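1. Give me a 3D structure for the following:
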Amino acid sequence: MAKELESAVERAARVKAHARAVGFDLVGVTGTAVPEAFARFSEAVDKGYGAGLPWLVDEPELRRDVRNVWPAARSVVVLGVSYASEVPGYLEAPPSADEGWIARYAQGRDYHEVVRRMLVQLVRKLGDDAALGAIPSVEHRIFVDTGPVLEKAFAQAAGLGWIGKNTLLIHPGGPGGGGEPYGPVPPASLRKPGEEHGRGAARGSWYFLAVVLTPLDLAADTPETDHCGTCRRCLDVCPTQAFPAPYVLDARRCIATWTIEAPDPDAMVVPEQLGQHVFGCDLCQEVCPWNRRPSRSRHVALRPRPDNVRPALDDLASLDDDAFRARFHRSAVLRVTREHMGKVIKAIRRA
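-> As a prediction, this is how the structure comes out:
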């Protein structure tokens, strides 16, 4: 029987090894609270920037410390999964007037399904590992964009990247600036800060984030620092001016909110600012210099389905409810209804 590890550093290294074995591209560890980020979140909610979305603004105090969600938590394991693709983006190859744009994250299979499966595999490995105390998998709480956790802030605290001016996490990249996304881990003496988190993972913001709230006492990583400098491309490209200040998003003016979260798109959408977006928006990511020449994700299920890249608006508008569900089977697009997307398409055509 393996001897239980006594060092928090050794335990953290072992957890990271399990995460990489499951297939996660990024992994880091931090504590149970991110006080400065929570203060910024609370201020944004108070200003109405949460757009009244219940899952975001209800019970904000839950986000102050993950122990409010899972009292047994002693550490937060933060994970990243790349969904980058080589498909030309909205700006590089703009949709025509009769085509729509689906945000990259929803062009492949529903990430909740893919990443959750990986999370389940990870906590089972943790539960089977005697060196980690064989804590049953059910005692580790998992989330992939599904709970009251400030994932991006925890990711920065865990060294996975920094939160850019577009409020998204940006990974600095591994050896070669992301040119070799899944190469071997260099010796510790040769690593740059942050490289231990991602096996040479590709730089940029095309990552899904997930967390494991664990009762394991793990050594925390060093937070990543901001590398945006004076760049403001993401702020300037936004057609709706959804960023009232760098690092601040007003969700009420975000195209992703209009096309996905809005209870009634007719009450929110400004047709002249919508472009060809039928589901989400990638503009502030496309112009980011850190996303230049992205390396394609190794996760085949997350790669774009051809019919989700610049779909014909007439085809989408002609779907009935059953056909809509079949067309977007196992897709994050099913977060909206056919009626909801129909209203967005009508707004596009009114512009």
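
2. Show me what Gly80 bridges to in the sheet.
-> When bridges are called by DSSP bridges, Gly80 pairs up with Leu26, Leu209.

3. the bottom helix or strand of this structure by mean pLDDT?
-> Of all helical and strand segments in the chain, the minimum by mean pLDDT, DSSP states H and E falls on helix 54-57, at a mean of 81.

4. pLDDT on the helix or strand hosting Lys346, on average?
-> In the assignment (DSSP states H and E), Lys346 maps to helix 338-350. Mean pLDDT, helix 338-350: 97.

5. What residues of it count as buried?
-> By neighbour count on 16 or more other CB atoms under 10 Å, the buried set for helix 338-350 is 338, 340-345, 347-348. Every residue, glycine included, has its C-beta placed from N, CA and C.

6. what helix or strand is Val29 on?
-> Short version, using DSSP H and E: Val29 is in strand 26-30.

7. So which other helices or strands are in contact with the next helix or strand after that strand?
-> Using DSSP H and E, the next helix or strand after strand 26-30 towards the C-terminus is helix 35-46. Here helix 35-46 touches helix 151-157, going by 3 or more CB pairs under 8 Å, 6 or more residues apart in numbering; DSSP states H and E.

8. What segments of the stretch 151-300 of the chain are strands?
-> Remark: strands assigned in the stretch 151-300 of the chain by DSSP state E, counting those that start in this stretch are 162-163, 169-170, 207-214, 277-279.

9. May I see the ones you listed organised as a markdown table, with distance to Pro289 added?
-> Shown next, in a markdown table, are the strands of the stretch 151-300 of the chain (distance: least, CB to CB, whole Å):
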| stretch | distance to Pro289 |
| --- | --- |
| strand 162-163 | 14 |
| strand 169-170 | 10 |
| strand 207-214 | 16 |
| strand 277-279 | 23 |
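
10. So for Val22, which of these sits nearest?
-> Closest approach to Val22 among the strands of the stretch 151-300 of the chain is made by strand 207-214 (11.0 Å; CB to CB).

11. Which elements pack onto the closest one?
-> strand 75-82, helix 111-128, strand 141-143, helix 151-157.

12. which of these is buried the deepest?
-> Highest mean neighbour count among the helices and strands packed on strand 207-214 (mean count of other CB atoms under 10 Å): strand 75-82, with a mean of 27.

13. For it, the averaged confidence score.
-> In this model, strand 75-82 has an average pLDDT of 97.

14. before we move on, what about stretch 7-18?
-> The pLDDT scores in stretch 7-18 average 95.

15. do the same with stretch 153-171
-> 97.

16. and what of stretch 132-146?
-> Mean pLDDT, computed over stretch 132-146, is 95.
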